[in-house]
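J.: structure for the following, please:
(chains A and B)
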Amino acid sequence: MKPHYISAAAAGIFALALTAAVAQNQLSSGQIANSLAGVTNDARLDMTAVQIRQAVLDNIRDYPGALPPRPLSFPQLANLAQFTVEVEFDFNSAAIRPESYQAVGSIADALHNPILLGYGFLVIGHTDSVGGRQYNVGLSQRRAEAIVAAMVDPFGVNPAILQPVGMGEEQLRDPKHPTSGVNRRVQLVNIGKKFCFGRSGEQFACP
Amino acid sequence: MSRAERRQASIFLAIVFIIGGVGTSIAQTMSYADAVQQLATACGADLRKYCKGVELGGGRLKGCLDANQARVSPQCQETRLAVYASIARRAAAQRDIGDICSADINRLCGTSHADAHLVECLVSVAPVALSPQCNQTFTDTGWRTERAQQ
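T.: Prediction:
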């Protein structure tokens, strides 16, 4: 047991010395929070999560094929502050792999950052092209819901600020390599102020 | 602020930073990212063996580790208790700080707003000026060290 503690202490000192260097490579919650706050958008999204889900299904119906013939575009989302994180799930499952726990923890740290207080977010799940398009919409929806579930318990994020949406494979990040891991990701989009605060700190839905 | 005061302040910040970086004392909570990373590292083999395919959220992973506590490695057992305690303590601090610190904020910053200005107010005053409970809660939120790193 003793060597374990000594090496832990050494690792701590080492980590401290390397903090500045490592910060560049690691996903930082401050970076996520700043990106999500980036646009001082009091512009709110004029689309609901339900409408986005419908647009995804319409895209599959209107542009059929094994792969989406063209990526589904949402100009309304493009201008909003957002951040994308690669998250690995078990195959055909909504279970986040332990390798991605840290990334998911960073999202939780960012959502608790005071600069994002009161804002609401879409949590958009994207899959790669393995599996049918329709199936992947459902899979990515379950994965987006699993991210939201983790944000709420154990990380204590208010569920009222998060809306999960499954985009399936309709917006591949790398269409030339549709099965590549870079396509499997979670996109957070700031959809504007959700809660306002009164004089004595009470929360209410913004008018 | 005089030069001597500035030097004192920077020494103080350096000490805070060193304690925050190296310390494993219970006076600090971990970031959520560090907490679950420790869990994934210390419990990796046990997670693959006993909790494969179990979701992190909704209390499921914690439930699985609880159910298997007699079987997981001592290292995993020790880490999971510390990790879940830290997460719960940070989440409670972030949830309750508006209530716990409302008198302090009112006294020190002339406002009782529990919004983003809360942190501006609390970082602007010396920790000793805060009531011990508000000071500890603010530390537990992690916002003090997060702000120092920005």
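
J.: switch to C-alpha atoms for all contacts and neighbour counts from now on
T.: OK.

J.: mind naming the longest helix for chain B?
T.: When chain B is parsed with DSSP state H, its longest helix is helix B:74-100.

J.: that one: which residues count as buried?
T.: B:76-77, B:79-80, B:82-98, B:100 (16 or more other C-alpha atoms under 10 Å in any protein chain shown).

J.: any stretches of chain B with poor pLDDT?
T.: Along chain B, segments meeting pLDDT under 70 span B:1-27, B:111-116, B:148-150.

J.: what's the neighbour count on the nearest residue to residue A:81 once chain neighbours are set aside?
T.: Nearest residue to residue A:81, sequence neighbours excluded (C-alpha to C-alpha, 6 or more residues apart in numbering or on different chains): residue A:36, at 4.9 Å. By other C-alpha atoms under 10 Å in any protein chain shown, the residues close to residue A:36 number 25.

J.: and residue A:36, which of the three is it?
T.: Using DSSP: H, G, I helix; E, B strand; the rest coil, the structure places residue A:36 in helix.

J.: same question, residue A:105
T.: Quick answer, by three-state DSSP: residue A:105 is helix.

J.: which ones are touching it?
T.: Taking C-alpha atoms under 8 Å, 6 or more residues apart in numbering or on different chains, we find residue A:105 in contact with A:155, B:31, B:32, B:33, B:34, B:35, B:36.

J.: that older thread, can the longest helix of chain B be said to contact chain A?
T.: Yes. Applying C-alpha under 8 Å from any C-alpha of the partner chain, one finds helix B:74-100 touching chain A at B:87, B:88, B:91, B:92, B:94, B:95, B:98.

J.: ok, now stretch B:48-63?
T.: Yes. Interface with chain A: stretch B:48-63 contributes B:53, B:54, B:55, B:56, B:57, B:58, B:59 (C-alpha under 8 Å from any C-alpha).

J.: one step back: of the contacts of residue A:105, which is the most crowded?
T.: Going by other C-alpha under 10 Å, residue B:32 tops those with 31 neighbours.

J.: excluding its backbone neighbours, what's nearest that residue?
T.: residue A:105 (4.8 Å).

J.: ok, residue A:141 next?
T.: residue A:166 (3.7 Å).

J.: list the contacts of the one you found.
T.: A:53, A:124, A:125, A:126, A:137, A:138, A:139, A:140, A:141, A:142, A:143, A:144.

J.: residue A:151 is in contact with residue A:157, isn't it?
T.: Yes. The criterion here is C-alpha atoms under 8 Å, and residue A:151 meets it with residue A:157 at 5.4 Å.

J.: where does the prediction get shaky in chain A?
T.: For chain A (pLDDT under 70), the answer is A:1-26, A:39-43, A:196-203, A:207.

J.: and the helices in it?
T.: A:2-23, A:29-37, A:49-62, A:75-78, A:101-111, A:133-152.

J.: how far does the fifth one sit from the chain's center?
T.: Chain-centre distance of helix A:101-111: 9 Å, with C-alpha atoms, centre = their mean, to the nearest Å.

J.: that one versus helix A:29-37: what angle between them?
T.: 50 degrees (axes from the mean of the first three to the mean of the last three C-alpha atoms, to 10 degrees).

J.: just to revisit the earlier point, so which of the helices of chain A comes closest to residue A:118?
T.: helix A:101-111 (10.0 Å; C-alpha to C-alpha).

J.: any idea of the angle the closest one forms with helix A:133-152?
T.: Going by the same axes, to 10 degrees, helix A:101-111 makes 70 degrees with helix A:133-152.

J.: all good on my end, thank you.
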